[in-house]
Every structure is written in C-alpha cells, then in structure tokens.
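Asks: Structure here, sequence nowhere to be found:
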C-alpha cells in the first residue's frame, strides 16, 4: 500500500506557501521551547507527516519532552500525532517506544478531567494495534461507570470498535453493554449502547427493546432513530417479526422529532402495504411538509409521496388524501407548489375533482390580493394550467372553471392570459353547451384586457364564438350596427373605438386598449381583427337574407379595415404597419368584395376544421403519454412467473431485496450500483485515458470516474526505469469550471514499481473541461535538476451532466427569446435519412425531442424539430434542428441543414455545439 493510500481519519488544511522547517529546528523547539513554541512545532510535525515525511528521529523527543505536559491543546494535538505516526517497524512489529505511549494513555484514562478521558477514548477508536490496546482494557471498562455522560458514551464507542476489530480483547462486550444499557439514564449513552448491540448482538438488542417497547415514545429522538433502524433491519431479514414491531412504528409516527417521523414513515411503507399503513405514512409525510420550514426538506418529502403514488395499490389510498396534499400550497416556494399541483392532478378522481376545483379557485383569488412578485405570476400560470387540465379530464367541471379563468384575461401577466385563451379556445370547440356562457364572459372582460398578445388572439376566438352565437340567434348579429356611428364620428380612429363600442365613450386621454395598441404600432391585432370581421360578415350574409342589410354590414366591415390600413400608412402610430399585416388586411378586403363560395367555405368551415384537428391531435398525444405513464407503473406478471410467499421464503433468499439503509448510504458515498451495459465498450476500460507514451520513463494512465458534481481521477503511475524515483509528484491544473480539491502527495517509486494516485476535481457548471498537467520526479543519486514528463490532456465529457427533460411549447419559445448565447452548427454527416439523423443526434446529445411523433412522421424532404435538455446544475439547453434531403442530388445524398443551440451560458452552448460536431457522422461498424 502506498503512502497516499494509508488510512487517514483526520484531514488538516495545510497552507502551501510556507517553507517546510528542518528536523533539527523542530527538535530544538520541542526540547527547549515554551508551551506555545512546542505547540507550533508539534503542528508542523503533524503536517509534515501527513505530507509523507517519516521523521523517525523526533519520536523519542516527543515522548520525553511533550508527552508529560498537562496542557490541553498539546494533549489534543498529541492524539492526532499518535493517530498518524507510523507505530511499527518495516517488518510489522510494534516499536518499543510505543510502550511508553501506552502507559501515558493509561494515565489519561484515569485523569480527573472528563474532557481528557473522553477525547482519549475517542482516539482509541482509531487505533489498529491490539498490542497497544490490551494493557488499556481495565481502564476502558472502568470508564463505563464514570459520573460524566461524555466519558461514558465515548467508552461505549471505544468498546464497540475494539470488539469489532479485536473480539478476543473483550469477548463479553455485548453482555457488558446490555447491563450498562439497562441501568443507563442519559439519552446519548443509551443511543450509543443500543447501536452497538444492533451491530454486535442483535438478539440482545431485541430483548432490550421488548422490555421497553411501550416506553419508546418517551425516549430521546437519537435513540428512537436507532430503534427505527433496528426494526427495519430485523423485519427485512425476518418478515415474521413484523407483527411484533409494527405497532411500535405506528407510535413513532407521533414522535415530536421530524427526523424520527420521516424515518418511521419510510420504514412503515417498506414493512406493510396495508391501506391503513400507507395512509398513516402519507399523512405523516404531508404533516412534515407543512410544518417544516426548509424548502429542501419539503421537496425531499414530496418526492417520497410521489414515489408512493407510483405504486398502483398505494395510488388509490393517496387519492383520498388529495385535499390534505393541497394544504402544502400555503408554502410560498414555487418549486414546492409546482410539484404539489402536479401530484394532486395525477391523483384527482371524479370523486374529489369538485373539491379540488374549489380549492384552486380560492388560490386564484388569493393571488389577486398578493403584491406583484415574479413568483406570483408564475404561480398564477400554474393554477391556470391545473384548472385547464381538470376541465379537460372532467368536462363537467368546465362550467365552474371558465368564469374564474376569464378574469385572467384582464391580467397584466401575459403568460397567464395566453394560457387562459388557449383553454377558452379549446372549451368553445369541445363543449357546445358552454358557448353562450363563454360569449357573455368574454364580452364582460373584453374592455379590460391589457395584453396585446391576448387581444391578438381573442378576435380569432371571438369569431368562432360569434359564428356560433349567430347560428343560435341571427338577430343578435345586427348589434354590430352602432359601429357605423363611431366611424363617422372618429374618422381614421374608428377601429380603436369599434371593438370598445360596448362601453360608454371616454375622453381621448384614456384611450381604449385596442386604440392604444394600434397607435403603439402593434398591427398584428389589426390583422386578427380583419380576419374576425371577415368571418362575422360572411356568417351574417349566410344568415340574413335581406340584400340591403347584407351590403350595409359588409361595407361597414370593409370600412373598418380600410381605415386601419390608412392609419398604418400614416405617421400617427409609433411604428408603421408591417407588410405582412397589410397583405392580411388586403386579403380580407378582397374576400369581402368578391364573397366567393370557395372563400366562404375556407373562412367559415375549413378554419374551424383545422382548429378541431389540432385540438384532437393534442388531446390524443396527451392521452398517449398518460397511457405510457400508466403502463410504466403497472407491474406486469407473466402467466408462468413463480409466486413468492414471504412465509415460505428461506432466510438467505430474503437478501435479494435491497436494504434501504444500505442503498441510501451507498448513494451518499457515490457508490450506487449501476448495471453494466451489455456492450463491452461501455465498461470501465472505455474510460481509461492514456496520459504518457510507452517509451517515457514514467508511464501513466487515468480512469475518469464521474459522480455528479465530483470527478475522481485514478492515475496509475509506472516507473519504467531501473532507477529509484524520489518525490514523484503528479501536478495537475484545470481549464473551465473545474477545481482541483487537493494536491496529490509525492511518492517514491522503486525500479519498475507502480502506484495509484487519486485526485478529486469539483465541477461547478456544464461546460467542457480540460485537466492537464505533468509528472515531476528526482532520480536518486543523480545531480541533475528535476525531471518532468508532460501528460496528455483529459477532456471531461459534457454528456455526463446533461439529462433529457420536457417543457411546454410556450416555455420553449420564452426561453428561446430570453437566452442570449446561440451556436449555429452546420450539418455535416454521412447519414442519408432525416429521421435517422434526428435519432442519432438525440442519442449523442442526451436531449429530448419536444416535437410530437405525428409531426415528424411521413416524408416530405425536410424536417424541423425542437430539442430540450437540462443539466444536473439546473441549466437549460435548447436546440432547433432544421434539416433537408437534397433530392436533386440523388437518393444517396447525405442530409444537409443547420442545428441552432441556445443556452443561458456561453460554455453550455459551445460545449453542446462541439459535441454535435464530433458525433454528427455515424461510424460504420
């Protein structure tokens, strides 16, 4: 084992700029200095030993001049020193000097000061030499009866580690600790003793628990946590014990400690799948979310509830708790609210949808009273989408939802208003019985609309509404008549007042919203208005037979459009009308002047049909994704699969089920067991990077292990010369958002010897990073300067941090407009099929295609798709693929086009572009 791999418990920060002192000056300070200088010298000795220096000459000096001192700081430093100093000769025998050290610690274990006794006992937990511990055993046992709890609890830990490592030194430890536990009153001592019994003698631990199982609620939380762990382990290993302890777990759900409640709920779910157990655990989780102030805790516990929902049997139980889950909405954090609403929406059923809608309506009203805040707007948008989903899934609720949502149209938050419009458009198409209600509500709020996007879309929607209203009551359409009066009064401004005619005329200063938008140059609204007027006029002509009325109505509509064009060309608006809007309005004028049956058909029927097709395709897609989700959750069992009965399962077969405590520990240490891919190239060998050439005096290669925010470099260094290499040091530097955690310590390599050096690198953002460096060493006996071998660069792959994600089209467009960094990549590939190329890009970039499968199906020679992914650091990456197949170049011609990448940070956009460039061509195997 190399010096770098020796087990070390204590990590000490070392200032790198100071020059290491000589052994003689240190010896002088330790012998003749005062307490302060001895303390400083001892600190320097510890740092030098941690850096790989041996310093054997100082051992006796420290025993003679430092060990007898009673200063507490020096005693504390000596504990660190004895922990790290080599205690054996090269052949493995204990140094004779250590007998003196052992005697000193025997005295410290009998010291009147409890701090010195306790810290010495803690130090003994780290000793790995049985010869040193043997003479101290009587003193350690005596510490179990000390008056101070600090000494007693450390004595228990010392006995536990000695029993675990050297059982022969204290064979009666479990019995000793059991007797200690029965008589002990201090919570921390009881916890340590109970924990030892769990790991050393589980039967004794169970015996003790059986005697006091009714008093468990009165114990301290640290002891309760250990009891929960014991019950889980016992029931996991021996399911027949469940009935004995399940009542205890139920009682612990009422504990005053949130940590105990959380662990007890998690244990209860794994031990029992009975509806009452699931309900009690879920209720406990909900209480924790509401009572805990830390948002991270709320999110973690919410994830546990979502995990519960994934189980089909548990989902039915959780459906009854939807109203309790909605209590979490009182939390101001947006992420918590988002997860809560999604969970409630997944769980809602026809039994409780009405209650859910009532709660959401109350939440909507609350957001109106809150002072404007960025999160309030987003929360309002979330509520709108949730209500939208409720009414789509449960059409009976639409009548209750629409009046509430209509009020959002006058909201200053454009996003919420746009979401409401989408919903209203869908509702009017799907629910015939609600059309009149929607018309009334729309006309009520129309005058208060503040958002130009909403106005831009409303006329399209309203045209649909008025067509329907016209079918039902033809006479009502004549109410557009007053517009003419306003036209003659206002001249070129007629259009602004036209759609505000339902309100009393106001002064010029208080412009109606539509007039304001047109004067600001937003003529997209005017184009939408022209389409609406055309549809209404064509519908009117079909409904009213009288020719005079028909002509009068069409003329009024054409006059409105002409005046808008006149306004757009004049100098009054802040921005002139665009050519697109002029073309659109001119087209509408032409359609009305000719009134051909074909145009009538297109405007009145085919527009409606295309909207209907789009909405039905969208609905179908949503149903398909829901079906896939439910298929994932449903556990399918084949007819010939064996059935396992818990009672008939052998104990050794029970180990196949994972131990949750073990899994969480492995996850915390970053050692999660991943299934190796079937492809042999995906094994560890594929991640080995050669750093030097085979003919270099030192050969080096590195295995790069990426674990979320950490990268561990395991570097193999081989001395290929016949000389001993001293102070062989791996020097590393990083480029990008990478940071080297610690400097690897120097090694001494014998001829043709090898060693492993580990280096940790922290990652701060998703960006291609480069690690570079060199290996420097001295050749023993040579008079030359230090030798240096330059290493190849190690490139850190961005793909380790990018995960596929999903977002709505509106969110994608919003992010696309906001993100400032764009990277345009030209397609240069040998792939000849458009769909193959898209799939290849998705596979190589870890991105998800947001464009639905239906839109990509078929073949037309070109393809456009939106891709989206998120990094583990929360950064978004967007991509738009626009590719075509040049047919004129023959069937074997490769795909051409561009991929545009957008991201918030430059590093993300560039790194993703590089990745696409590198992986565009498909390698032929």
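Replies: That came in fine, so what should we check first? Keep in mind the model is a prediction, meaning the values are calculated, not measured. Residues are numbered from 1 along each chain as shown.
Asks: make it CA atoms for all contacts and neighbour counts henceforth
Replies: Noted.
Asks: Now find how far off-centre the longest helix along the chain is within its chain.
Replies: Secondary structure of the chain per DSSP state H: the longest helix is helix 607-633. Distance, stretch centre to chain centre, for helix 607-633: 28 Å (Cα atoms, centre = their mean, to the nearest Å).
Asks: swap in stretch 826-842?
Replies: So, by Cα atoms, centre = their mean, the centroid of stretch 826-842 is 30 Å from its chain's centroid.
Asks: And the strands in the stretch 651-800 of the chain?
Replies: 688-690, 698-707, 710-719, 725-735, 738-740, 747-749, 754-763, 769-779, 787-790, 794-796 (DSSP state E, counting those that start in this stretch).
Asks: ok, and for the longest helix of the chain, which residues are buried?
Replies: Under the neighbour-count criterion of 16 or more other Cα atoms under 10 Å, helix 607-633 has residue 615 buried.
Asks: heads up, I number from 314, so please use that
Replies: Happy to do that; since the first residue is 314 now, the last one works out to helix 920-946.
Asks: List the beta-bridge partners for residue 1103.
Replies: Beta-bridge partners for residue 1103, by DSSP bridges, are residue 1087.
Asks: how many other residues sit next to it?
Replies: 15 (other Cα atoms under 10 Å).
Asks: doesn't residue 1088 make contact with it?
Replies: Yes: Residue 1103 is within contact range of residue 1088, at 6.5 Å (criterion: Cα atoms under 8 Å).
Asks: just to revisit the earlier point, and the strands of the stretch 964-1113 of the chain: which comes nearest residue 527?
Replies: The minimum distance between residue 527 and the strands of the stretch 964-1113 of the chain falls on strand 1011-1020, with 44.0 Å, by Cα to Cα.
Asks: Pull out the buried positions in that closest one.
Replies: 1011, 1012, 1013, 1014, 1015, 1016, 1017, 1019, 1020.
Asks: Hmm, which of these is lowest in pLDDT?
Replies: Least confident entry in the buried residues of strand 1011-1020, by pLDDT: residue 1020, with 74.
Asks: roughly how far apart are it and residue 672?
Replies: Distance from residue 1020 to residue 672, counting by Cα to Cα, to the nearest Å: 42 Å.
Asks: And residue 845, by the same measure?
Replies: From residue 845 to residue 672 the distance is 36 Å (Cα to Cα).
Asks: Who has more neighbours out of these two?
Replies: residue 845 (24 against 15).
Asks: Next, work out how far apart the more buried one and residue 928 are.
Replies: Distance from residue 845 to residue 928, by Cα to Cα: 20 Å.
Asks: Give me the buried stretch members for the strand or helix carrying residue 631, please.
Replies: Per DSSP states H and E, residue 631 falls inside helix 625-632. Under the neighbour-count criterion of 16+ other Cα under 10 Å, helix 625-632 has 627, 628, 630, 631, 632 buried.
Asks: Break the protein down into its domains, please.
Replies: According to the TED database, the chain comprises the domains 661-760, 825-919, 1000-1109, 1113-1232.
Asks: any idea how far the last one is from the chain center?
Replies: Right, domain 1113-1232. Centre-to-centre, domain 1113-1232 and its host chain are 23 Å apart (Cα atoms, centre = their mean).
Asks: quick one, phi/psi of residue 1161?
Replies: With angles defined as degrees, to the nearest 10, residue 1161 sits at phi -110, psi 140.
Asks: Same check on residue 1137?
Replies: phi -100, psi 120.
Asks: Skip the chain neighbours and tell me the closest residue to it.
Replies: residue 1213 (4.5 Å; Cα to Cα, 6 or more residues apart in numbering).
Asks: before we move on, back to that, using TSV, lay out the buried residues of helix 625-632 together with pLDDT.
Replies: Formatted as TSV, those follow (pLDDT from 0 to 100):
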residue	pLDDT
627	81
628	80
630	85
631	84
632	83
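Asks: Max pairwise distance over these: which two?
Replies: 627 and 632 (8.8 Å).
Asks: in the stretch 614-763 of the chain, which spans are helices?
Replies: Ranges of helices in the stretch 614-763 of the chain, per DSSP state H, counting those that start in this stretch, are 625-632, 635-638, 647-660, 666-682, 687-706, 711-719, 727-743, 748-759.
Asks: need those helices in CSV with distance to residue 1195, can you?
Replies: What follows is these, written out as CSV (distance: least, Cα to Cα, whole Å):
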stretch, distance to residue 1195
helix 625-632, 41
helix 635-638, 44
helix 647-660, 33
helix 666-682, 40
helix 687-706, 30
helix 711-719, 37
helix 727-743, 27
helix 748-759, 39
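Asks: Of those, which is nearest residue 1119?
Replies: helix 647-660 (14.1 Å).
Asks: Counting by contacts, list what that closest one packs against.
Replies: Secondary structure elements in contact with helix 647-660, counted by 3 or more Cα pairs under 8 Å, 6 or more residues apart in numbering; DSSP states H and E, are helix 608-623, helix 625-632, helix 635-638, helix 687-706.
Asks: For the longest one, could you pull out the residues that count as buried?
Replies: Read that as helix 687-706. Residues of helix 687-706 classed as buried: 689-701, 703-706 (neighbour count, 16+ other Cα under 10 Å).
Asks: Over to the third one?
Replies: By neighbour count with 16+ other Cα under 10 Å, helix 635-638 contains the buried residues 635, 636, 638.
Asks: any idea how far residue 600 is from the first one?
Replies: Going from residue 635 to residue 600 by Cα to Cα gives 13 Å.
Asks: Nearest residue to residue 1027 in space, please, no chain neighbours.
Replies: Spatial nearest neighbour of residue 1027, excluding adjacent residues (Cα to Cα, 6+ apart): residue 1071 at 4.7 Å.
Asks: likewise residue 618?
Replies: Spatial nearest neighbour of residue 618, excluding adjacent residues (Cα to Cα, 6+ apart): residue 595 at 6.7 Å.
Asks: Pretty sure that neighbour sits against residue 631.
Replies: Yes: here residue 595 lies in contact with residue 631, judged by Cα under 8 Å, at a distance of 7.4 Å.
Asks: before we move on, back to that, so, if you compare the buried residues of helix 625-632, which one comes nearest to residue 479?
Replies: residue 627 (47.0 Å).
Asks: Quick one: residues contacting that closest one.
Replies: By Cα atoms under 8 Å, 6 or more residues apart in numbering, residue 627 lies in contact with 586, 588, 591, 621.
Asks: now with 7 Å?
Replies: Contacts for residue 627 (Cα atoms under 7 Å, 6 or more residues apart in numbering) come out as 591, 621.
Asks: how many other residues sit next to residue 482?
Replies: Residue 482 - counted by other Cα under 10 Å - has 17 other residues nearby.
Asks: Now do the closest residue to it other than its chain neighbours: how many residues are near it, please.
Replies: Nearest non-adjacent residue to residue 482, counting by Cα to Cα, 6+ apart: residue 447, 6.5 Å away. Neighbourhood size, residue 447 [other Cα under 10 Å]: 15.
Asks: One more: residue 1042?
Replies: Neighbours of residue 1042 (other Cα under 10 Å): 20.
Asks: List the single closest residue to it in space, sequence neighbours excluded.
Replies: Leaving aside its sequence neighbours, residue 1042 sits nearest to residue 1059 (Cα to Cα, 6+ apart; 4.5 Å).
Asks: ok, the one you found touching residue 1041?
Replies: Yes: between residue 1059 and residue 1041 there is a contact at 5.3 Å, judged by Cα atoms under 7 Å.
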